[in-house]
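*Asks:* coordinates for the following, if possible.
(4 chains)
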Number of protein chains: 2
Amino acid sequence: MASRSDRARDAVLTATVELLEEVGVERLSIEKVASRSGVAKTTIYRHWPTKADLIVSAVRGVAVAVPTPNTGDVRADLISCIRSLHVAVVESGMVRILPSLLDAAQRDPEVADLQDRIHDERDVPIRTVLELAQLRGDLPAGIDVDDAADLLLGPLMLRTLLTRESLDDAFVALVVDTVLRGLGVEVVARPEPVVTGVGAAAVAARRRS
Amino acid sequence: MASRSDRARDAVLTATVELLEEVGVERLSIEKVASRSGVAKTTIYRHWPTKADLIVSAVRGVAVAVPTPNTGDVRADLISCIRSLHVAVVESGMVRILPSLLDAAQRDPEVADLQDRIHDERDVPIRTVLELAQLRGDLPAGIDVDDAADLLLGPLMLRTLLTRESLDDAFVALVVDTVLRGLGVEVVARPEPVVTGVGAAAVAARRRS
DNA sequence: TCAAAGCGCTACGGGGTCGTAGCGTTGCCC
DNA sequence: GGGCAACGCTACGACCCCGTAGCGCTTTGA
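*Replies:* Okay, the predicted model is just below:
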């Protein structure tokens, strides 16, 4: 059972995340958090002396652990990896918070640290997939994994943040295929004109047969 | 000669851009703009009824026209194109404003429009280079130019925005080479292990010999 | 059970910002 | 050089937010 303090803590963090999505970092005020969470302002200050502290706590709580696929097929692993990453980022509301966070990171070193940590954690699955592929010899050894990860995630980030388009599976496949081929990997599955809306399961099933 | 109104206008826009770089969209106040520009608050309101109006005017003024190279060499053109784009975005201070703008665009449709326009304008040179390459037959005709542009710009955007790394020439070359090869272009100049820090001039000279 | 810890509530002075009004002052253009 | 448009200045009431103090009340845990 959660103690009273814990309940207050949770309520505050939840409210903070909600407000971050709605109004961003700069317009977030402790008083808004207090009124939305039902927790007294003084109590919030007792837990988090600074707005930055509160935001760091709240955002850290949103971090979603994405599983690392390992079927032995680089292409399939990357695609599944990127898809779940995207789903996580969208469903957790992170997409809406990120620009604001990026902005705040320019001025607040605490937020900058947070942002770096999030960035690193997010890349772990992709980097792992790439490193495993290198160990298997499916990916040339000379390739810098960080560079490759940025090559893959960059276009998706761009579509997600700058353009406010929804990310379709066809584009994910295109990115993965193009980058892999560009890095010298023989891409087995041709980038067939993908029917948008076909889920990962169906694609996987098709390949299995 | 600039009239008094024009002088006031310019002063306000300059101050606005400066403040946008320093404090971002949300923390920008008309009063700060007034005191920095030396223009009376009332005058500012006479010109721009809304904060959004002011910001749109100011940011539009920052837009930098990047030349479209056309040497007939896709690779070289893309690299030069991307480099000058990067320089423009950094030197104009746009990098520092963009996150804040992205954030504001989520809530203010006016800012969202502005952001879309900037995004489109920025991509024109790259898209042109790609289209010309397609006409020459250097780039497969089936490739969607918008997709290709995002493939190229995404990784650079990511490095520029998320990571606050400085963009080195080697990475630009890597991105261009990888994407081009991935799209089925025979990349002539091998991505030789580039010595970081070697400027564009030196690289070009080496290739010429 | 009962003391201690922690929460809720109210209130405070201080500060920044908004958008407008009123009025004096300057500069532009005919 | 004179009239008018545009600017500069001051002031205003309203609002929101900050961070802290003081105190009563609930929960916790020994």
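*Asks:* quick one, domains of chain A?
*Replies:* Domain segmentation of chain A under automatic domain parsing yields A:4-61, A:64-208.
*Asks:* among those, which comes closest to residue B:89?
*Replies:* Distance to residue B:89, taken as Cβ to Cβ, is lowest for domain A:64-208 among the domains of chain A, at 12.5 Å. All C-beta spots, glycine's among them, are computed from the backbone N, C-alpha and C.
*Asks:* what about the closest one, average pLDDT?
*Replies:* Averaged across domain A:64-208, pLDDT comes to 87.
*Asks:* could I get the domains of chain A as JSON lines with mean neighbour count and distance to DNA strand C?
*Replies:* As requested, those are exported to JSON lines (neighbours: other Cβ atoms under 10 Å in any protein chain shown; distance: least, Cβ to the nearest atom of the strand, whole Å):
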{"stretch": "domain A:4-61", "mean neighbour count": "17", "distance to DNA strand C": "3"}
{"stretch": "domain A:64-208", "mean neighbour count": "18", "distance to DNA strand C": "14"}
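*Asks:* can you put those in JSON lines and add distance to residue B:123?
*Replies:* Compiled in JSON lines, those are given as follows (distance: least, Cβ to Cβ, whole Å):
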{"stretch": "domain A:4-61", "distance to residue B:123": "26"}
{"stretch": "domain A:64-208", "distance to residue B:123": "10"}
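*Asks:* mind checking which of those domains is nearest residue B:163?
*Replies:* The closest of those to residue B:163 is domain A:64-208. By Cβ to Cβ, the value is 6.8 Å.
*Asks:* so what's the backbone phi/psi at residue A:40?
*Replies:* Backbone torsions of residue A:40, given as degrees, to the nearest 10, read phi -70, psi 140.
*Asks:* list the contacts of it.
*Replies:* residue A:34 (Cβ atoms under 8 Å, 6 or more residues apart in numbering or on different chains).
*Asks:* ok, it to DNA strand D distance?
*Replies:* 8 Å (Cβ to the nearest atom of the strand, to the nearest Å).
*Asks:* please name whichever of the domains of chain A is nearest to residue B:46.
*Replies:* For these, proximity to residue B:46 was assessed by Cβ to Cβ; domain A:4-61 is nearest, at 26.6 Å.
*Asks:* now do the end-to-end distance for the closest one.
*Replies:* 19 Å (Cα to Cα, to the nearest Å).
*Asks:* can the lengthiest helix in chain A be found next to DNA strand D?
*Replies:* Counting by DSSP state H, the longest helix found in chain A is helix A:109-136. No. Between helix A:109-136 and DNA strand D, judged by Cβ under 7 Å from any atom of the strand, nothing touches; the nearest distance is 13.5 Å.
*Asks:* in what helix or strand does the residue nearest the centre of chain A lie?
*Replies:* For chain A, residue A:89 is the residue whose C-alpha lies nearest the centre (Cα atoms, centre = their mean; 4.2 Å). Per DSSP states H and E: residue A:89 is located in helix A:74-91.
*Asks:* do residue A:175 as well
*Replies:* helix A:169-182.
*Asks:* and that helix, what does it pack against?
*Replies:* helix A:74-91, helix A:145-161, helix B:145-161, helix B:169-182 (3 or more Cβ pairs under 8 Å, 6 or more residues apart in numbering or on different chains; DSSP states H and E).
*Asks:* same list (those helices) but as a markdown table, adding distance to DNA strand D.
*Replies:* As requested, the helices and strands packed on helix A:169-182 are exported to a markdown table (distance: least, Cβ to the nearest atom of the strand, whole Å):
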| stretch | distance to DNA strand D |
| --- | --- |
| helix A:74-91 | 27 |
| helix A:145-161 | 26 |
| helix B:145-161 | 26 |
| helix B:169-182 | 39 |
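*Asks:* reformat the ones you listed as JSON lines; add distance to residue A:12.
*Replies:* Conversion of the helices and strands packed on helix A:169-182 to JSON lines gives the following (distance: least, Cβ to Cβ, whole Å):
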{"stretch": "helix A:74-91", "distance to residue A:12": "22"}
{"stretch": "helix A:145-161", "distance to residue A:12": "28"}
{"stretch": "helix B:145-161", "distance to residue A:12": "30"}
{"stretch": "helix B:169-182", "distance to residue A:12": "41"}
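*Asks:* those: which one's closest to residue B:31?
*Replies:* For residue B:31, the closest of the helices and strands packed on helix A:169-182 is helix B:145-161, at 29.6 Å, according to Cβ to Cβ.
*Asks:* output that closest one as PDB, restricted to C-alpha atoms.
*Replies:* Provided in PDB are the C-alpha atoms of helix B:145-161 (Å, rounded to 0.1, in the frame of the first residue of the first chain):
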ATOM      1  CA  VAL B 145      12.500  13.000 -53.500                       C
ATOM      2  CA  ASP B 146      10.900  14.000 -50.200                       C
ATOM      3  CA  ASP B 147      11.800  10.700 -48.600                       C
ATOM      4  CA  ALA B 148      15.400  11.000 -49.900                       C
ATOM      5  CA  ALA B 149      15.600  14.600 -48.500                       C
ATOM      6  CA  ASP B 150      14.500  13.400 -45.100                       C
ATOM      7  CA  LEU B 151      17.000  10.500 -45.200                       C
ATOM      8  CA  LEU B 152      19.700  13.000 -45.800                       C
ATOM      9  CA  LEU B 153      18.700  15.800 -43.400                       C
ATOM     10  CA  GLY B 154      17.400  13.600 -40.600                       C
ATOM     11  CA  PRO B 155      20.700  12.500 -39.200                       C
ATOM     12  CA  LEU B 156      22.100  15.900 -39.400                       C
ATOM     13  CA  MET B 157      19.100  17.400 -37.800                       C
ATOM     14  CA  LEU B 158      19.500  14.900 -35.000                       C
ATOM     15  CA  ARG B 159      23.100  15.700 -34.400                       C
ATOM     16  CA  THR B 160      22.400  19.400 -34.500                       C
ATOM     17  CA  LEU B 161      19.400  19.400 -32.200                       C
END
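*Asks:* tell me if that helix is near chain A.
*Replies:* Yes. Contact check for helix B:145-161 against chain A, using Cβ under 8 Å from any Cβ of the partner chain: residues in range are B:147, B:150-151, B:153-159, B:161.
*Asks:* out of these, the closest to residue A:104 would be?
*Replies:* residue B:161 (13.3 Å).
*Asks:* what about the closest one, distance to residue A:22?
*Replies:* According to Cβ to Cβ, to the nearest Å, residue B:161 stands 22 Å off from residue A:22.
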